[in-house]
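J.: Pasting the sequence and the predicted model now:
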Number of protein chains: 2
Amino acid sequence: MKARLDCYPCLYYQALRTARMITQDEKKILDILNNVSRLLPQLSFNVTPPEIGKKMYDLIEQMTEVSDPYQTIKQECTQRALRMYPDIKKRIKDSPNQLEMAVRAAVAGNVIDFGVHAEFDFDKDLETVFTQEFAINHLPEFSEAVKQARRLMYIGDNAGETVFDRILIEEMNKPIVFVVREKPIINDAVYQDAVEAGLDKVAEIISSGSDAPGTILSLCSDEFMNAYNNADLIISKGQGNYEALSEENRPIFFLLKAKCPVIAADIGVPQGSIIMLLP
Amino acid sequence: MKARLDCYPCLYYQALRTARMITQDEKKILDILNNVSRLLPQLSFNVTPPEIGKKMYDLIEQMTEVSDPYQTIKQECTQRALRMYPDIKKRIKDSPNQLEMAVRAAVAGNVIDFGVHAEFDFDKDLETVFTQEFAINHLPEFSEAVKQARRLMYIGDNAGETVFDRILIEEMNKPIVFVVREKPIINDAVYQDAVEAGLDKVAEIISSGSDAPGTILSLCSDEFMNAYNNADLIISKGQGNYEALSEENRPIFFLLKAKCPVIAADIGVPQGSIIMLLP
């Protein structure tokens, strides 16, 4: 999915939010915003949003020498999600459709997002996802595909959400590769975040080879590309991965909450919808 | 009131919205956003928001040669407000406190705004203002000041809102100067908008001499400054005029709905509050 004009102001909101996580120095923050202003006109907008986002976050990292401003928040989200883990497991066990309930848990975890539209209410938004209708519901196709699949790949999104991904992976009960970002970007999960969520116990964790906030294939490692090309079922989690992969011709199920109006419009659903989509 | 860092991304939202009012050509809109990006790092942020806004809107006008993108919207807002005029006049007549009800009408008209946080529901938002509590309520002081005042000035804000300003001016029933912008800027009222609202029948209409989206005194005409300095009661309507005049040492009553979080924080009230403030 290509970036839209609406992404333009949103990038400044993200820059401001991230700069404020790093420093209280208003002069420094203004300096960051001014440098983002100098950067954006040099970039093509005929690319996916994570390609632009990566360049902006790279600039902020270069200017501040802070490579992981969301580290503490990521750990807190993971710990908070781990505390919810037993209840959600029980809820799935008691459900008549355990796979659907596990998919709901996974998409509920996608409310944890500090990238776009970053205001969320952890408990309330999670609970909403457990009961709201899917705007696009390819769960029957997914259920069948899981049964058939032999080489599964699960492309993760945010830290904390990883705990909910683990729940779905446990429910699928298949050998699976879980993909994390190579280096920190916003609150996206890296290797350590996946381990803290316990994913090392249920999946092989590999890196995409890139720190873009979405799986931009041209930036990914050979190891990742090999696994990606050989997978017979891919679960792509969250908005950034949708933006990067929505036009790829692979058996990809996109599982996400469409928080961003641009992404919701691209999918053709109302903002706030939950989606299990095999294009 | 000085600009804050939060104004930075908001300026891009305003630029995008205005560019879309002028053209459907996405390449042209991106060009406008890129030029705003090149402009902002050259500006000082140690000024009021209307000073920055004026430079941005000037740039958009230069690039597009469209001097009044909101002309049709302004006329529609005025016509819509005029249709409500008889009902509101009756409501005031039936009220035990007619001046308060007229002040409420005037601040209700301030929901009409295409500058910041431009999404509003005309009927619903207007009705809310008629019943909500004032977060700052200097109505007793205002009532007394109106009785004493001999040279009144009313600095207008948006087109359409002007009809509601007229209602308050009729209720005050004093000789009064109504101030409009010199040239179109966003949906701010210019001379013609004031006339269409019927203000020429109840006030002397003068221009501030500037097209900034707020009354920046250094840009105002001698005619305006003369009237301003001689007024013994000034009503400043809306956010842009508050931003420009909040630190002035004159008998100014600020009447507005604090739609913008930065302005609400500056005043010290929750976002969405209505205010009648004599600092």
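T.: In hand now; what should we look at?

J.: Need the contact partners of stretch A:122-134.
T.: A:80, A:84, A:91, A:101, A:104-105, A:107-112, A:257, A:273-276 (CB atoms under 8 Å, 6 or more residues apart in numbering or on different chains). All C-beta atoms are positioned from the backbone trio N, CA, C, and that covers glycine.

J.: switch to 10 Å and redo it
T.: Stretch A:122-134 is contacted from outside by A:77, A:80-81, A:84, A:88, A:91, A:100-101, A:103-113, A:119-121, A:160, A:164, A:255, A:257, A:259, A:269, A:272-277, using CB atoms under 10 Å, 6 or more residues apart in numbering or on different chains.

J.: Stretch A:80-99 now?
T.: So stretch A:80-99 is contacted by A:100-105, A:108-109, A:112, A:122-123, A:126, A:130, A:139, A:142-143, A:146-147, A:159-168, A:170-172, A:196-198 (CB under 10 Å, 6+ apart).

J.: List only buried entries from those.
T.: A:100-105, A:108-109, A:112, A:126, A:139, A:142, A:146, A:159-168, A:170-172, A:196-198 (16 or more other CB atoms under 10 Å in any protein chain shown).

J.: Among these, which are located in helices?
T.: Among these, the residues falling in helices (DSSP state H) are A:100-105, A:108, A:126, A:139, A:142, A:146, A:161-168, A:170-172, A:196.

J.: near chain B, which residues of chain A show up?
T.: A:3-6, A:8-17, A:19-20, A:26-27, A:29-43, A:45-46 (CB under 10 Å from any CB of the partner chain).

J.: so is residue A:153 in a helix, a strand, or just coil?
T.: Secondary structure, DSSP: H, G, I helix; E, B strand; the rest coil: residue A:153 is strand.

J.: Leaving out chain neighbours, which residue sits closest to it?
T.: Among residues not flanking residue A:153 along the chain, residue A:231 sits closest, at 4.0 Å (CB to CB, 6 or more residues apart in numbering or on different chains).

J.: which residue ranges form the strands in the stretch 151-279 of chain A?
T.: Under the criterion DSSP state E, counting those that start in this stretch, the stretch 151-279 of chain A contains strands at A:152-155, A:176-180, A:204-207, A:233-237, A:252-257, A:274-277.

J.: In TSV, list those along with mean pLDDT.
T.: Conversion of the strands of the stretch 151-279 of chain A to TSV gives the following (pLDDT from 0 to 100):
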stretch	mean pLDDT
strand A:152-155	98
strand A:176-180	98
strand A:204-207	98
strand A:233-237	98
strand A:252-257	97
strand A:274-277	97
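
J.: for the one helix or strand residue A:54 maps to, what is the average pLDDT?
T.: If you go by DSSP states H and E, residue A:54 is part of helix A:49-64. Computed over helix A:49-64, the mean pLDDT rounds to 96.

J.: quick check: angle from the lowest-mean-pLDDT helix or strand in chain A to strand A:252-257?
T.: Here the helix or strand of chain A ranked lowest by mean pLDDT, DSSP states H and E is helix A:122-131, holding a mean of 83. Inter-element angle recorded for helix A:122-131 and strand A:252-257: 130 degrees (by axes from the mean of the first three to the mean of the last three CA atoms, to 10 degrees).

J.: Report the next helix or strand after helix A:122-131 in sequence order.
T.: Toward the C-terminus from helix A:122-131 - assigned by DSSP H and E - lies strand A:134-137.

J.: Can you point out the buried residues in that next one?
T.: By 16+ other CB under 10 Å, the buried positions in strand A:134-137 come out as A:134-136.

J.: in its sheet, what does it sit against?
T.: With DSSP bridges as the test, strand A:134-137 is paired with strand A:274-277 (parallel).

J.: Which segments of chain A make up each domain?
T.: Structural domains assigned to chain A are A:7-64, A:71-277, following automatic domain parsing.

J.: quick one on the thing from earlier: switch the buried residues of strand A:134-137 over to CSV; also include pLDDT and distance to residue B:205.
T.: As requested, the buried residues of strand A:134-137 are exported to CSV (pLDDT from 0 to 100; distance: CB to CB, whole Å):
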residue, pLDDT, distance to residue B:205
A:134, 96, 57
A:135, 97, 52
A:136, 97, 56
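
J.: quick one: which of those residues is nearest residue B:213?
T.: residue A:135 (39.1 Å; CB to CB).

J.: The closest one is in contact with residue A:264, isn't it?
T.: Yes - here residue A:135 reaches residue A:264: they are 8.7 Å apart, a contact under CB atoms under 10 Å.

J.: Need the overlap of contacts for those two.
T.: In contact with both residue A:135 and residue A:264: A:257-258, A:270, A:272-273, A:275, using CB under 10 Å, 6+ apart.

J.: what separates residue A:205 from residue A:79, distance-wise?
T.: Distance of residue A:205 to residue A:79, computed by CB to CB, to the nearest Å: 19 Å.

J.: Repeat that for residue A:243.
T.: In terms of CB to CB, residue A:243 sits 28 Å off from residue A:79.

J.: neighbour-wise, which of these two wins?
T.: residue A:243 (28 against 13; other CB atoms under 10 Å in any protein chain shown).

J.: For the more buried one, list the residues it contacts.
T.: Contacts for residue A:243 (CB under 10 Å, 6+ apart) come out as A:1-3, A:7, A:47-51, A:53, A:212-216, A:260, A:262-263, A:266.

J.: Go through these and flag which are in helices.
T.: Using DSSP H, the contacts of residue A:243 in helices are A:7, A:49-51, A:53, A:262-263, A:266.

J.: so where is chain A shaky, pLDDT-wise?
T.: A:114-120 (pLDDT under 70).

J.: report the longest helix in it, please.
T.: Across chain A, the longest stretch assigned as helix under DSSP H is helix A:71-93.

J.: What is the distance between it and the centre of its chain?
T.: Here the centre of helix A:71-93 is set off from its chain's centre by 16 Å, with CA atoms, centre = their mean, to the nearest Å.

J.: How about stretch A:175-182?
T.: Distance of stretch A:175-182 from its chain centroid, counting by CA atoms, centre = their mean, is 12 Å.

J.: can you check stretch A:164-182 too?
T.: Worked out by CA atoms, centre = their mean, stretch A:164-182 lies 13 Å from the chain centre.

J.: Using CSV, list the CA coordinates for that stretch.
T.: Written as CSV, here are the backbone C-alpha positions of stretch A:164-182 (Å, rounded to 0.1, in the frame of the first residue of the first chain):
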residue,chain,number,x,y,z
PHE,A,164,-1.2,-12.4,22.4
ASP,A,165,0.5,-13.7,19.3
ARG,A,166,2.0,-16.5,21.5
ILE,A,167,-1.5,-17.4,22.5
LEU,A,168,-2.6,-17.9,18.9
ILE,A,169,0.6,-19.8,18.1
GLU,A,170,-0.1,-22.1,21.0
GLU,A,171,-3.6,-22.7,19.7
MET,A,172,-2.4,-23.4,16.2
ASN,A,173,0.0,-25.9,17.6
LYS,A,174,2.2,-26.2,14.5
PRO,A,175,6.0,-25.6,13.9
ILE,A,176,6.2,-21.9,13.2
VAL,A,177,8.7,-19.2,12.5
PHE,A,178,8.0,-15.9,14.4
VAL,A,179,9.5,-12.8,12.8
VAL,A,180,10.7,-9.8,14.7
ARG,A,181,12.4,-6.5,13.6
GLU,A,182,16.2,-6.5,13.5
